[in-house]
Each structure stands twice: as structure tokens, then as C-alpha cells.
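Colleague: Below: sequence and its predicted model.
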Amino acid sequence: MKDINLIPKEIKDKKINSRKKINNTIICIVSICVFLSIIFIPNLYMKILNRNINVLDTKLKQMKTVSELDNKIQNNIDYLRQKQALIKKLKVKKFDMAEILKDLSLNIPEKVSINEIKYKDNVVEVSGEAISNKDISYFMLNLRALKYIEDINLVSSQALNNGLIKYMLQIKLKVV
């Protein structure tokens, strides 16, 4: 049997050519899209990455400033701790002058008077008058019993015209 094709060859070729053109057009469009995506997608991705880098840089700068502030605060805390330690040390070393004066007045014998009290560099100078040297030595013995006194020296002792003895004591205070 013979195949009878009723469609003329030109029409049939035209249809095949039109399909080829459509296929070629689709392939071309897909190729162009792939090519453009190869070019533009990395660029777009790079822009997004650059934006992220900028955001991270800003955050990093903020963290650096926070870190610097934290270091400054830590330095200030250390400085304040040193000052507090110094204050505690000075509180331990300081002398309560009211207590010293009270102890002087409690330990002074009846026949001894104090005319002047000076304080300089952990040394108290006491000058006054007494009836006898025995009273001065008794006063010195009373003062030696105090816990914060390191040493007592009789600097001078002079007899006055009125029968009294003028004295000067140097009392060295203990530095803890």
C-alpha cells in the first residue's frame, strides 16, 4: 500500500520550519535568560553581601566603642579600689587626736600642768610645768602604758624662779 499524503510538502515544511523557529526562539530566550542570570545574580548577591558587610562593620564599631567604654569603666573601678585601699590604710594609720588629748588629761598627775601641745610627723611635743622631776617621770610612766605610744623622751627640764620645773616631752606615736 502506498502512503498517500494529502498535505502538500510546502505546507508540511512550513509547519516544521515554524516549529524549528519557535524552538530556536525558545532556546535563544532561555540562553539569554541563563546568560543574564549568570551576570546579574552574582552582582545582586555581591550587593547584598556588601550591605551585610556594612551592617556588620557598624555593629563592630559599636562593639569596639562598647569595649573601650568597658575598659575605661574597668580602669576607673581599679582606680577607685586603689583609692579605697589607700583610705583604709590611712584610717588605720591615723591618730585620733581627741583620744590622745583625753588620754593626756587622764594620765596627768595633780602636780603637773600642760601649757602647750604640738603635733608634727607622728611626734607630739608636750611642754608645761611641774613641781618636781618625780612628777614628770610619773607622768611619763603613765603615758608609756598607752598602746599607741612608741617612745617618750624628756627633751628639757629647767628649774624656774618660782620653784617650778619647766619641762618638754617628745612623745613618738606608733605607726601601724
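Modeller: Structure received.

Colleague: which helix is the longest one in this protein?
Modeller: helix 9-93 (DSSP state H).

Colleague: In terms of secondary structure, what does it contact?
Modeller: Under the contact criterion of 3 or more C-beta pairs under 8 Å, 6 or more residues apart in numbering; DSSP states H and E, helix 9-93 touches no helix or strand at all. The C-beta positions use only the backbone N, C-alpha and C, and glycine is treated the same way.

Colleague: mean confidence score for that helix?
Modeller: The average pLDDT for helix 9-93 rounds to 89.

Colleague: how is this structure carved up into domains?
Modeller: Domain assignment for the chain by automatic domain parsing gives 1-94, 97-173.

Colleague: Could you export the ones you listed as CSV, including mean neighbour count?
Modeller: Putting the domains of the chain into CSV (neighbours: other C-beta atoms under 10 Å) gives the following:
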stretch, mean neighbour count
domain 1-94, 10
domain 97-173, 14
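
Colleague: For the biggest strand by length in the chain, the averaged confidence score.
Modeller: Counting residues, the longest strand found in the chain (DSSP state E) is strand 149-159. The predicted model gives strand 149-159 an average pLDDT of 90.
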